[in-house]
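Undergrad: Here is the input, now give the coordinates:
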Amino acid sequence: MMSPELETAIAAAREAGDLLRANFEEDLIVDEVHAHDIKLELDVKSQELISEKILEKFPDHAIYGEEGIDGDQESDTQWIVDPIDGTVNFFYGIPHFCVSIAMRRAGELQLGVIYDPMLDELFSVDFEGPPMRDGFEISPSKRATLGEAVVTIGFSKSKEAIDAGMARYKDIAYRVRKTRMMGSAALALAYISCGRLDAYIEEQISIWDIAAGQLLVERGGGKVVLSQSTSNPDKSGIVSSNGLLPLDDL
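TA: Here you go, the predicted model:
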């Protein structure tokens, strides 16, 4: 039986996804433009919707999101929200983005939801049990060698992170079957959890990008290793795989 917390997260993700789908390829208000990123007014609206839905049900919990914090920040239960993971894709009309919501308690990830509104595809993981996609159990691939693996590599938002990503890409591209650059960290991890991808690597990433996806991968038997980013001490580097590929080779 689904927990009330997961039920709330799914409802919030679907409602936010409806908002994104309704605004896809419409005129968008840009709040900020950076060298390698865009912030939309819709990011804020999506997070506000999610926060309202969660805090209506759990008013004593905390919200920690890409667009700010809300709720009781002294609570040991914290919801980690990325209201649009893949904002640049969304802005350019590329239908590969998602809503990502995770919950951690006392510092430990407990549940997560990733919703792709364009495919109407929902990945979820509850307090207990396996990762799910649209209500069916999923698991990572069984590919165990780099030569048969499809690996996605993210390129972050600073020169140092891009340089590091390029060096790693050049090394890995010669050793794997294919590489992909897709623009959504959350969906990259969701795709590992169901076997579409075998590994995901990025030099500089935020917790809201990966929290739900990390739990999906780990609960299915995959591996996620986070390290302090060499280019930004406030962010993490990530190396993740299906659990069979040797992380040291990535």
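
Undergrad: what about the residue nearest to residue 155 when sequence neighbours are not counted, which helix or strand?
TA: Take residue 155 and drop its neighbours on the chain: the residue closest to it by C-beta to C-beta, 6 or more residues apart in numbering is residue 165, 4.6 Å away. Yep, even glycine has a C-beta here, placed from its N, CA and C like the rest. Assessed by DSSP states H and E, residue 165 sits inside helix 159-173.

Undergrad: buried stuff in that helix?
TA: The neighbour-count check on helix 159-173 (16 or more other C-beta atoms under 10 Å) flags 161-162, 164-165, 168-169, 172 as buried.

Undergrad: Equivalent analysis for stretch 214-225, please.
TA: Neighbour-count burial for stretch 214-225 flags 214-220, 222-224 (criterion: 16+ other C-beta under 10 Å).

Undergrad: Please report the distance of residue 224 from residue 86.
TA: Between residue 224 and residue 86 the distance, using C-beta to C-beta, to the nearest Å, works out to 19 Å.

Undergrad: what is residue 100 paired to in the beta sheet?
TA: residue 82, residue 114 (DSSP bridges).

Undergrad: quick one: it and residue 122 touch, right?
TA: No. Using C-beta atoms under 8 Å, residue 100 is not in contact with residue 122, being 11.5 Å away.

Undergrad: Looking only at neighbour counts, state which of the two leads.
TA: Regarding residue 100 and residue 122, a neighbour count based on other C-beta atoms under 10 Å identifies residue 100 as having more, with 34 against 21.

Undergrad: OK, contacts around that one?
TA: Residues touching residue 100, when contacts are defined by C-beta atoms under 8 Å, 6 or more residues apart in numbering, comprise 13, 81-82, 85, 112-114, 186, 208-209, 211-213.

Undergrad: how about the helices of the protein, start to end?
TA: The residue ranges that make up the helices of the chain, judged by DSSP state H, are 4-23, 41-57, 87-91, 159-173, 185-193, 207-219.
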